[in-house]
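> what follows is a predicted protein model with its sequence.
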Number of protein chains: 2
Amino acid sequence: MARTIGSNGARTAKAIRQAGVQLIYKHGYEAMSLRQLASEVGLQSGSLYKYFENKQSLLFDIVRDHMEDLISKAEEAMSDVNGPLERLKAFVDFHLRYHMTRKAHVFIANMEIRSLDEPHRAIAIEMRRRYEHMLEDALRQGAKHGVFKVPEPKVSTYAIISMLTGICMWYRPDGRLSQDELVAIYTDLVVDGVAKQDAAEAAAPVGRRRASA
Amino acid sequence: MARTIGSNGARTAKAIRQAGVQLIYKHGYEAMSLRQLASEVGLQSGSLYKYFENKQSLLFDIVRDHMEDLISKAEEAMSDVNGPLERLKAFVDFHLRYHMTRKAHVFIANMEIRSLDEPHRAIAIEMRRRYEHMLEDALRQGAKHGVFKVPEPKVSTYAIISMLTGICMWYRPDGRLSQDELVAIYTDLVVDGVAKQDAAEAAAPVGRRRASA
DNA sequence: TATGGAAACAATCGAACGTTCTTTTTTTCC
DNA sequence: GGAAAAAAAGAACGTTCGATTGTTTCCATA
């Protein structure tokens, strides 16, 4: 046997990518074997090399494509939003929803950076830094305008992003709470955490959604 | 050659454990080879089996011992603290400092649970659940007494713990900010995020440390 | 000072790893 | 319909893996 009936390069490439993401998400990059990946898409392991240079570049392709998608979609989501508080809320909203729907990709991009060889690792870290700066800039702007109380924008940035990203560790689409409800809860947590309390409410009323239950 | 001069079982066991933690932290459990570990402590790989049953049980021993240590130290840190707000602050303080000083252990316990076979994984998850409940209980108490605004204590618990744990991704002991400064920043973020704003200040004044810089 | 146990070496196992290469089959296109 | 290109099979490679076993050396102690 050799070429399979109905085989198609583009379709196989997509299947490999998807299966690769799922396997790395489940078992980790190092723990995923190419034989495992091959059998998942119905190939022999050697045949995978039609589709990537080596295992390492498969990982990097996944990470790079994801980071580019993340950044461009975030820029799009915030492009028309003005004012630090609104930009902060837009970031929280976008980040949460993106992470709820792309758990596997996000997990890989965050956890498998250490499995990247140089210079791939440096490139991925730089992309992450660019993304983080979108939140950090909003915090700095808010502090400058006296709306936020953030003595250390860098620390707050890391803290907030960690908090939001953590949702992908437990969120399930069929869970009790809807995406909208979760976004509301997290937004309250973040906004109240950084807003200057005497001024925030007056400056731009933050909906105190759902006081209980 | 066979037994080395000055060799001592207890000392070797400790060295294996420490090197194991560092190697798993750096490269991940699956990526760490026993030959690597053995050479780190100056042994042949076969000799390691005097000190553990197999690679899997080495990981579980590390995770279990760490979780037991985490829980007992947390209980100790909060044993004399009364009132939801004070208990929340005590938890934040403890969790941050513990994670700043035990980065490797914490990282392993969080990230390598998926590398544990059953029933080890279930045991580790149950221990983590017990720990999380310490924070969740404080939040529920505060909500019941009208001090906190937490519509979903479970969600807030996950959110806060994610935020706090994230510090081990970037904290360096020789960094610009001291442990005390970082604890103060995070405490402000968390407390302001969950406190019922009109009541919190009056009920128990939260130090608004360092308004800027 | 002889002896039993502790500590580590050294050699080896079969399996699995990432990767390369050649061959075979299917599809596409002129 | 025949040739070129695409897609995949399949065999083999040198390594490395976790694990096992038998042996040698050191040390405490009686």
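Here it is on my side, so go on.

> is any part of stretch A:92-106 close to chain B?
No - judged by Cβ under 8 Å from any Cβ of the partner chain, stretch A:92-106 and chain B are separated, with a smallest distance of 10.4 Å. C-betas here are computed from N, CA, C, even on glycine.

> helices of chain A, start to end?
Using DSSP state H, the helices found in chain A span residues A:9-27, A:34-41, A:55-78, A:84-101, A:103-111, A:120-144, A:153-165, A:179-194, A:197-203.

> and B:Ser156, which of those is closest to it?
Put simply, out of these the one that sits nearest B:Ser156 is helix A:179-194, at 6.7 Å, with distance taken as Cβ to Cβ.

> quick one: residues in contact with that closest one.
A:85, A:88-89, A:92-93, A:96-97, A:100, A:139, A:142, A:148-150, A:156, A:160, A:163-164, A:167, A:171, A:177, A:200, A:206-210, B:149, B:151-152, B:155-156, B:159, B:188-190, B:192-195, B:197 (Cβ atoms under 8 Å, 6 or more residues apart in numbering or on different chains).

> quick one: A:Gln36 and A:Leu23 touch, right?
Yes - contact status for A:Gln36 versus A:Leu23: in contact at 6.1 Å, counting by Cβ atoms under 8 Å.

> domain parsing of chain A, as residue ranges.
Here the domain assignment for chain A is A:1-53, A:55-204, based on automatic domain parsing.

> just put these in a markdown table and tack on mean pLDDT and distance to B:Tyr49.
Supplementary listing: the domains of chain A in a markdown table, determined by pLDDT from 0 to 100; distance: least, Cβ to Cβ, whole Å:
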| stretch | mean pLDDT | distance to B:Tyr49 |
| --- | --- | --- |
| domain A:1-53 | 88 | 22 |
| domain A:55-204 | 92 | 28 |
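
> now mean neighbour count too, for those domains, in JSON lines please.
As requested, these are exported to JSON lines (neighbours: other Cβ atoms under 10 Å in any protein chain shown):
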{"stretch": "domain A:1-53", "mean neighbour count": "15"}
{"stretch": "domain A:55-204", "mean neighbour count": "18"}
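
> nearest to DNA strand D, out of those?
domain A:1-53 (2.0 Å; Cβ to the nearest atom of the strand).

> does any part of that closest one sit near chain B?
Yes - residues of domain A:1-53 are located near chain B by Cβ under 8 Å from any Cβ, namely A:Lys26, A:His27, A:Gly28, A:Glu30, A:Ala31.

> could I get these as CSV with distance to B:Ser72?
Listed next are those as CSV, based on distance: Cβ to Cβ, whole Å:
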residue, distance to B:Ser72
A:Lys26, 32
A:His27, 32
A:Gly28, 30
A:Glu30, 32
A:Ala31, 31
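
> need the contact list for the most centrally placed residue in chain A.
Ranked by distance to the mean C-alpha position of chain A (Cα atoms, centre = their mean), the top residue is A:Val106 at 4.2 Å. The neighbourhood of A:Val106, defined by Cβ under 8 Å, 6+ apart, consists of A:His66, A:Leu70, A:Tyr98, A:His99, A:Thr165, A:Cys168.

> excluding chain neighbours, what is closest to the first one?
The shortest distance from A:His66 to any residue that is not its chain neighbour, by Cβ to Cβ, 6 or more residues apart in numbering or on different chains, is 4.4 Å, and that residue is A:His105.

> that neighbour and chain B: what is the separation?
17 Å (Cβ to the nearest Cβ, to the nearest Å).

> then A:Met127?
16 Å.

> show me the contacts for that residue.
By Cβ under 8 Å, 6+ apart, the contact set of A:Met127 is A:Arg64, A:Met67, A:Glu68, A:Ile71.

> and which of those is nearest chain B?
A:Met67 (16.8 Å; Cβ to the nearest Cβ).

> tell me the contacts of the closest one?
By Cβ under 8 Å, 6+ apart, the neighbours of A:Met67 are A:Ala109, A:Ala124, A:Met127, A:Arg128, A:Tyr131.

> which two in these are spaced the farthest apart?
In the contacts of A:Met67, the most distant members under the criterion Cβ to Cβ are A:Ala124 and A:Tyr131, with 10.9 Å between them.

> hmm, back to that, export the domains of chain A to CSV and append columns for distance to DNA strand C.
As requested, the domains of chain A are arranged in CSV below (distance: least, Cβ to the nearest atom of the strand, whole Å):
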stretch, distance to DNA strand C
domain A:1-53, 2
domain A:55-204, 4
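
> possible to save those domains as JSON lines with distance to B:Phe60?
Converted to JSON lines, the domains of chain A look like this (distance: least, Cβ to Cβ, whole Å):
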{"stretch": "domain A:1-53", "distance to B:Phe60": "16"}
{"stretch": "domain A:55-204", "distance to B:Phe60": "20"}
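
> of all those domains, which one is nearest B:Leu116?
The stretch from the domains of chain A with the least distance to B:Leu116 (Cβ to Cβ) is domain A:1-53; that distance is 12.4 Å.

> for the closest one, what is the distance to the chain centroid?
Centroid displacement of domain A:1-53 relative to its chain, using Cα atoms, centre = their mean, to the nearest Å, is 24 Å.

> and stretch A:47-67, C-alpha only, in PDB?
Presented in PDB, the C-alpha positions along stretch A:47-67 are these (Å, rounded to 0.1, in the frame of the first residue of the first chain):
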ATOM      1  CA  SER A  47       4.600  10.100   6.500                       C
ATOM      2  CA  LEU A  48       4.300  13.100   8.900                       C
ATOM      3  CA  TYR A  49       7.500  14.500   7.500                       C
ATOM      4  CA  LYS A  50       5.700  15.600   4.400                       C
ATOM      5  CA  TYR A  51       4.000  18.100   6.600                       C
ATOM      6  CA  PHE A  52       6.600  19.500   8.900                       C
ATOM      7  CA  GLU A  53      10.400  19.600   9.100                       C
ATOM      8  CA  ASN A  54      10.500  18.000  12.500                       C
ATOM      9  CA  LYS A  55       8.700  17.700  15.800                       C
ATOM     10  CA  GLN A  56      10.100  20.900  17.100                       C
ATOM     11  CA  SER A  57       8.800  23.000  14.200                       C
ATOM     12  CA  LEU A  58       5.400  21.500  14.600                       C
ATOM     13  CA  LEU A  59       5.300  22.900  18.100                       C
ATOM     14  CA  PHE A  60       6.600  26.300  17.000                       C
ATOM     15  CA  ASP A  61       4.100  26.500  14.100                       C
ATOM     16  CA  ILE A  62       1.300  25.900  16.500                       C
ATOM     17  CA  VAL A  63       2.500  28.500  19.000                       C
ATOM     18  CA  ARG A  64       3.300  31.100  16.400                       C
ATOM     19  CA  ASP A  65       0.000  30.800  14.600                       C
ATOM     20  CA  HIS A  66      -1.800  31.000  17.900                       C
ATOM     21  CA  MET A  67       0.000  34.100  19.100                       C
END
